[in-house]
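Asks: pasted the sequence and its predicted model underneath.
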2 protein chains.
Amino acid sequence: MKLEDIAKKVGVSRSTVSRVINNQPYVGERTRQRVMKVIEQEQFQPDPAARALVTGRTEIIGVAIPQTTNVFFGDNSYFPMLLQGIAETTIKRDYAMLLWLGQSLEERNGFSERVSKNRQPDGLIIASVTENDPLFSRLITMKRTFVMVETPPRFDEIVNYVTIDNVRASEQVVEHLASVGYRRIATITGQLNIRDGTDRLQGFKNGMEKVGLPVDPDLIYPGQFSREYGYMGMKHLLQFKPDAVICGGDTVAIGAIDAIHEAGLKVPDDVAIVGFDDLDVAVQSDPPLTTIRHSVQRVGEVAAQLLIDLIEGKVQAPHHIVLPTELVVRQSSDYNALKEVMYPIGD
Amino acid sequence: MKLEDIAKKVGVSRSTVSRVINNQPYVGERTRQRVMKVIEQEQFQPDPAARALVTGRTEIIGVAIPQTTNVFFGDNSYFPMLLQGIAETTIKRDYAMLLWLGQSLEERNGFSERVSKNRQPDGLIIASVTENDPLFSRLITMKRTFVMVETPPRFDEIVNYVTIDNVRASEQVVEHLASVGYRRIATITGQLNIRDGTDRLQGFKNGMEKVGLPVDPDLIYPGQFSREYGYMGMKHLLQFKPDAVICGGDTVAIGAIDAIHEAGLKVPDDVAIVGFDDLDVAVQSDPPLTTIRHSVQRVGEVAAQLLIDLIEGKVQAPHHIVLPTELVVRQSSDYNALKEVMYPIGD
DNA sequence: TGAAATTCTGGGAGCGCTCCCATATATGAG
DNA sequence: CTCATATATGGGAGCGCTCCCAGAATTTCA
């Protein structure tokens, strides 16, 4: 069943049916009703391909997650939440969502080619782009419409993005820890080729300076956003006897706690731990994590809104949106629990 | 840049360029080379809409997950893994993947309408369909090509699906538990309006009969696939003093363990716990879970393969695929740890 | 050597829509 | 009542491809 058949059935022209479908003016009220009735009873849906061919738009947005397998479906609910947020908006705005997941590191290049060459979506949302990701430069060169869900690694000024104020949030964490009495504050970072990682580290350093504590390189462990790295990082840091460790993400924090427990120590009694993101695991963790709350889902929603607005010409590029964060204090950084002498003196 | 421009540039006709792009025969080797070279240097990609309009195919498959929010991104890595598997295949076969996520229960109907009416994908993969899900019947009525990733609630014979042998796997669990000495075996089921849920329960009952144990209704708790339900279920079951509990899923098992610990009891010393699915949490759990391993990712891969084969007419519908499962015994069902007297006699 | 078979190439038609312009009818101002 | 203006409807053109058929060039074989 096509548009023309509906027209014939109602006894009007293609154009009139098209106008009704697209909610355009200049259709008599009676005619509109008759057309709508037939469309309804025939369950007619215009062919998206034909429509796309002439309008040049598909009403599909693409989402590219060039991450390796385990990051996507591992202990990390970040991406599912992001997708949920994006889905929310696409439904609301009547778009569909095309998803690309990266497979393994080896084929980063293939991934970026596959994504960038596909002309089906009207625009893209891309997540977790590393500094020299080919996808990033490619999209810029091709002048495609896209929105990032973190601060871009370069070209901040010309790229659209939705992010949170990672620097400020990390500063806040340091300020909080310092204000309740922690002094040897360490950090296990996230990936440092992603802005979320570097910005959080920057915030850590800024915060330390602000509160007048020294930034000791020994107390900075460059990690990644995973439980494993949290574990490894903490094992390494223990020798330097931090009294608090700020982790690049909640899963990192969980890993750090694993290592602390393994060493026979307690959180927060021996070491305070702070996460970032306030994922589900933050509450489920034992003890519950002090962390930075920000709604990943909301980032997804807003990113999709921005993208669709850009596509529809409702806003001009470049457009930058920074969403608020909130420090959530839970047991993992309870200073009252901190033992006076944390480690045997002299080791 | 369009196909015709390439043709002009090379000095051949549209048809020839089209043949080259689609790898068709009857193009001279020299001509083919020349065309390819220009396509390469112009980075030409044919317009998917135009192509779809004439071929009637978009090379997009749709994935519909009509689940509520928290099931999708909660403590459950099932869907991310499924997506990863589907993505693997779509990349291999050069398709793209359109994703729909359900939002909340209230709009089940809206969801199914949105998904079924969208004509963009050539076929669909649908997950976690409940018995009277409107999407299910709708797709059947519309005669759309789709593959389910579990046994369908009805019309088994005409619907395509990829699944695992839930019944047999559960039987196996019971047989294992019985063989090592457990006697009061209980179960906390998954959702019973999903086949995965009912089949696992059926397997439980079959297994009990096979090994000659009574099927006591008190020992069957109808739950859902979540930690919460595991917790509630276990709390309820404790009064009936089971020595082992088979859970509908690993997350359910985690919840059950929570309840056991809360009651001051130990796993497996007081109660053995068995999960299902062998998700990441199964190993991370304390103690690690005995469970049924089956690759969710593999189910996704195979489902996508089947769907694309159906779309391309390489296989005939209906097509049913049952993937193997494997019993993985870990500490949560270690009979040696079971105390002789598990509960004070007489309560 | 010639006719048939095979390989190559080109161009028309048409996929199902939207957009633009032409025309028809209704509405209002002077 | 006339002309301008707003409202309503129809039909042609064309979006960028693929598919089909016609015809040219080449090969095969008696």
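Replies: Noted; the coordinates are in hand.

Asks: for the stretch 51-200 of chain A, what lies in contact range of chain B?
Replies: By C-beta under 8 Å from any C-beta of the partner chain, the residues of the stretch 51-200 of chain A that approach chain B are A:52-53, A:58, A:60, A:63, A:69, A:72-75, A:77, A:79-81, A:83-84, A:87-88, A:91, A:96-101, A:103, A:114, A:117-120. Glycine gets a C-beta too; all of them are placed from N, C-alpha and C.

Asks: just the pLDDT at the spatially most central residue of chain A, thanks.
Replies: Here the mean C-alpha position of chain A is nearest to the C-alpha of residue A:149 (C-alpha atoms, centre = their mean), at a distance of 5.0 Å. For residue A:149, the pLDDT comes out at 91.

Asks: can you pull the poorly scored residue ranges out of the stretch 1-150 of chain A?
Replies: Along the stretch 1-150 of chain A, segments meeting pLDDT under 70 span A:68-76, A:104-106.

Asks: mind listing the helices for it?
Replies: A:3-10, A:14-21, A:29-42, A:48-55, A:69-73, A:78-93, A:108-117, A:134-141 (DSSP state H, counting those that start in this stretch).

Asks: correct me if wrong: the residue nearest to the centre of chain A contacts residue A:300.
Replies: Yes. Here residue A:149 reaches residue A:300: they are 7.0 Å apart, a contact under C-beta atoms under 8 Å.

Asks: what's the overlap in contacts for these two?
Replies: Here residue A:149 and residue A:300 have A:82, A:125 as joint contacts, going by C-beta atoms under 8 Å, 6 or more residues apart in numbering or on different chains.

Asks: that older thread, look up phi and psi at the residue nearest to the centre of chain A.
Replies: phi -100, psi 30 (degrees, to the nearest 10).

Asks: mind telling me which residue of the stretch 151-300 of chain A is nearest DNA strand D?
Replies: residue A:160 (25.6 Å; C-beta to the nearest atom of the strand).

Asks: residues from chain A in reach of DNA strand D?
Replies: Counting by C-beta under 7 Å from any atom of the strand, the residues of chain A lying close to DNA strand D are A:11-16, A:19, A:25-32, A:50, A:53-54.

Asks: could you redo the last one with a cut-off of 6 Å?
Replies: Residues of chain A lying close to DNA strand D (C-beta under 6 Å from any atom of the strand) are A:12-16, A:25-28, A:31, A:53-54.

Asks: out of the residues you listed, which are buried?
Replies: Buried by 16 or more other C-beta atoms under 10 Å in any protein chain shown: A:12, A:16, A:27, A:31, A:53, out of the residues of chain A next to DNA strand D.

Asks: which members of those residues are the farthest-apart pair?
Replies: Largest separation among those by C-beta to C-beta: A:31 and A:53, giving 26.7 Å.

Asks: quick one: stretch A:83-99 near DNA strand C?
Replies: No. Using C-beta under 6 Å from any atom of the strand, stretch A:83-99 never reaches DNA strand C; the gap is at least 13.3 Å.

Asks: ends of stretch A:314-334, how far apart?
Replies: Using C-alpha to C-alpha, to the nearest Å, one end of stretch A:314-334 lies 47 Å from the other.

Asks: picking up where we left off before, could you dump the helices of the stretch 1-150 of chain A to TSV with distance to residue A:241?
Replies: Below are the helices of the stretch 1-150 of chain A laid out as TSV (distance: least, C-beta to C-beta, whole Å):
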stretch	distance to residue A:241
helix A:3-10	74
helix A:14-21	70
helix A:29-42	72
helix A:48-55	62
helix A:69-73	31
helix A:78-93	31
helix A:108-117	39
helix A:134-141	40
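
Asks: which of the ones you listed is buried the deepest?
Replies: Highest mean neighbour count among the helices of the stretch 1-150 of chain A (mean count of other C-beta atoms under 10 Å in any protein chain shown): helix A:78-93, with a mean of 22.

Asks: can you name every helix or strand that it contacts?
Replies: Secondary-structure packing of helix A:78-93 (3 or more C-beta pairs under 8 Å, 6 or more residues apart in numbering or on different chains; DSSP states H and E): strand A:60-65, strand A:96-101, helix A:296-311, helix B:69-73, helix B:78-93, strand B:96-101.

Asks: which SSE is immediately downstream of the third one?
Replies: In this case it means helix A:296-311. strand A:320-323 (DSSP states H and E).

Asks: for that following strand, name the packing helices and strands.
Replies: Counting contacts by 3+ C-beta pairs under 8 Å, 6+ apart, strand A:320-323 is packed against strand A:160-164, helix A:296-311.

Asks: residue A:162 bridge partners, please.
Replies: Taking DSSP bridges, one obtains residue A:321 as the residues bridged to residue A:162.

Asks: next, format the helices and strands packed on strand A:320-323 as JSON lines and append mean neighbour count and mean pLDDT.
Replies: Shown next, in JSON lines, are the helices and strands packed on strand A:320-323 (neighbours: other C-beta atoms under 10 Å in any protein chain shown; pLDDT from 0 to 100):
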{"stretch": "strand A:160-164", "mean neighbour count": "23", "mean pLDDT": "93"}
{"stretch": "helix A:296-311", "mean neighbour count": "23", "mean pLDDT": "94"}
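
Asks: to residue B:216, which of these lies closest?
Replies: helix A:296-311 (42.9 Å).

Asks: next, count neighbours for the nearest residue to residue A:57 once chain neighbours are set aside.
Replies: Among residues not flanking residue A:57 along the chain, residue A:122 sits closest, at 5.2 Å (C-beta to C-beta, 6 or more residues apart in numbering or on different chains). Neighbour count of residue A:122, defined by other C-beta atoms under 10 Å in any protein chain shown: 21.

Asks: surely residue A:122 meets residue A:90?
Replies: No. The pair residue A:122 / residue A:90 is not scored as a contact, 11.4 Å apart, by C-beta under 8 Å.

Asks: mind listing the shared neighbours of the two?
Replies: Counting by C-beta under 8 Å, 6+ apart, the residues touching both residue A:122 and residue A:90 are residue A:61.

Asks: who touches the strand or helix carrying residue A:187?
Replies: Take DSSP H and E as the rule and residue A:187 turns out to sit in strand A:185-188. Strand A:185-188 is contacted by residues A:174, A:177-178, A:201, A:204, A:208, A:213, A:219-221, A:223, A:229-230, A:233-234, A:237, A:240, A:242-248, A:252, A:256 when judged by C-beta under 8 Å, 6+ apart.

Asks: let's see which of the residues you listed end up in strands.
Replies: Using DSSP state E, the members of these that fall within strands are A:220-221, A:244-247.

Asks: close to DNA strand C: what parts of chain A are there?
Replies: A:2-4, A:14-15, A:18, A:21-22, A:46-47, A:50-51, A:53-55.

Asks: and these, which is closest to chain B?
Replies: Taking C-beta to the nearest C-beta as the measure, residue A:53 is the one of these closest to chain B, at 4.3 Å.

Asks: touching, the closest one and residue B:47? I think so.
Replies: Yes. Here residue A:53 reaches residue B:47: they are 7.2 Å apart, a contact under C-beta under 8 Å.

Asks: do you know how far residue A:291 is from DNA strand C?
Replies: To DNA strand C, residue A:291 is 48 Å away according to C-beta to the nearest atom of the strand, to the nearest Å.
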